[in-house]
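>>> I need the structure of the sequence given here:
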Amino acid sequence: MMAAIEKAKILVEALPYIKKFYGKTIVIKYGGHAMTNQELKQAVMTDVVLMKYVGMNPVVVHGGGPEINTLLERLGKESSFIQGLRVTDRETMEVVEMVLVGKVNKEIVSLLHQQGGKAVGLSGKDGLLIEAQKKYLTPLNEEYDETKEVLEMGFVGEVARINPEIIETVVEKGYIPVVAPVGVGRDHESYNINADYVAASIAVALKADKLILLSDVEGIYGHFGDPSTLLSSVRLEEIPKLISCGVISGGMIPKVQCCQQAIQGGVSTAHILDGRTPHSILLEIFTDQGIGTMVQQ
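Residues are numbered from 1 along each chain as shown. This is a model prediction of the structure:
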């Protein structure tokens, strides 16, 4: 009986949040360890389907780096990275598109169906969802200048524009959109785009209420490597100081920048969650305590 009462308490605690987010759009960037561990995969898919059934509109944007690495290794092609981005020649781009659009995207759709949801897989090329432009990098700590040396990344792109109509149509029909971060340029070429930035751009275009980035870290620590100093929330005005003093550093910087982009574009809150924790999405959305780090205005 006590176990049943505890379950009832959990449902009662969740009710205000179900009411608050009913009909709201929540963009989830799905990546990291949660994509490679079977138990975590099932937990994420369950979370997303539950959100849909209680009246929210989840939109999933996914990565797929490990799967791309695996196939490139099988083909005998070495992976090369600059500033954390994969150097993508034409042959590599073909592999990236094959893995992200043809394999990972369809696997996520299938997993959502197994959990009782209805999903539609999309790439940025469908309905010109993601218009891309070539991304140029300069050596670290230098601003881009046409007169300076740029680092050649091949078919690595950045978001030029999001055309959200196809996502809106899919949502209106009751489906969960699952988006692979492959965009199309004005030259009609395919471009590999960082999934975090795609998720942030889509969240802005859809006027989403939340952006959630699933990662392999618990969130932002006040002291590097010390879980006891996890920051439950960070305001935009605090971010420059946190970067300058090293609290936000390394791979966390681009994730925080994505959160900044989303908030500045009108998204209410952005969250960095540990995807290694089962049901981390539900814990964040439906409980008083929440987990991870929330970035807000």
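
>>> so where's the longest helix in the protein?
For the chain, the longest helix by residue count, based on DSSP state H, is helix 2-21.

>>> Contacts for that helix, please.
54-56, 209-210, 285-288 (Cβ atoms under 8 Å, 6 or more residues apart in numbering). C-beta here means a position set from N, CA and C on the backbone, and glycine is covered the same way.

>>> Could you single out the nearest of those to Gln115?
Nearest to Gln115 among those, counting by Cβ to Cβ, is Val54 at 14.0 Å.

>>> Lys24 is in contact with the closest one, correct?
No - contact criterion Cβ atoms under 8 Å: Val54 and Lys24 do not qualify, at 11.0 Å.

>>> mind checking pLDDT for Val184?
Val184 carries a pLDDT value of 95.

>>> Could you pull up the residues touching it?
124-125, 128, 130-132, 190-191.

>>> Are any of those residues buried, and if so which?
124-125, 130-132, 190-191 (16 or more other Cβ atoms under 10 Å).

>>> Point out where the stretch 1-150 of the chain drops to low pLDDT.
Applying pLDDT under 70 to the stretch 1-150 of the chain picks out residues 1-3, 139-150.

>>> Show the residue spans covered by the helices in the stretch 1-150 of the chain.
Assigned by DSSP state H, counting those that start in this stretch, the helices in the stretch 1-150 of the chain fall at 2-21, 38-53, 65-74, 90-97, 105-114.

>>> List the buried residues for the first one?
This means helix 2-21. 14, 17, 21.

>>> Next: the shortest one.
Of the residues in helix 90-97, those buried under the neighbour-count criterion (16+ other Cβ under 10 Å) are 92-93, 95-97.

>>> related to what we said a few turns ago, just the ones of the contacts of helix 2-21 in strands?
Among the contacts of helix 2-21, DSSP state E puts Lys210 in strands.

>>> Now tabulate the contacts of helix 2-21 in TSV and tack on distance to Gly117.
Listed next are the contacts of helix 2-21 as TSV, based on distance: Cβ to Cβ, whole Å:
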residue	distance to Gly117
Val54	12
Gly55	14
Met56	12
Asp209	20
Lys210	19
Ile285	16
Phe286	17
Thr287	22
Asp288	27
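
>>> Grab the two from the contacts of helix 2-21 that are most spread out in space.
It's Gly55 and Asp288 that sit farthest apart of these, by Cβ to Cβ, at 20.1 Å.

>>> ok so, going back, and which of the contacts of helix 2-21 is nearest Gly116?
Using Cβ to Cβ, the contacts of helix 2-21 come closest to Gly116 at Val54, 12.9 Å.

>>> Next, the distance between the ends of stretch 30-49.
By Cα to Cα, to the nearest Å, the extent of stretch 30-49 from end to end equals 14 Å.

>>> and if you look at stretch 188-206?
24 Å.

>>> residue contacts, Glu165?
Counting by Cβ under 8 Å, 6+ apart, Glu165 has contacts Gly127.

>>> thinking again about what came up before, among the helices of the stretch 1-150 of the chain, which comes closest to Gly183?
Using Cβ to Cβ, the helices of the stretch 1-150 of the chain put helix 90-97 closest to Gly183, at 10.6 Å.

>>> For the closest one, C-alpha coordinates in PDB please.
Extracted C-alpha coordinates of helix 90-97, given in PDB (Å, rounded to 0.1, in the frame of the first residue of the first chain):
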ATOM      1  CA  ARG A  90      32.700  14.600 -49.800                       C
ATOM      2  CA  GLU A  91      33.200  10.900 -49.100                       C
ATOM      3  CA  THR A  92      32.800  11.500 -45.400                       C
ATOM      4  CA  MET A  93      29.700  13.600 -46.000                       C
ATOM      5  CA  GLU A  94      28.100  10.700 -47.800                       C
ATOM      6  CA  VAL A  95      28.800   8.400 -44.800                       C
ATOM      7  CA  VAL A  96      27.500  11.100 -42.400                       C
ATOM      8  CA  GLU A  97      24.300  11.400 -44.300                       C
END
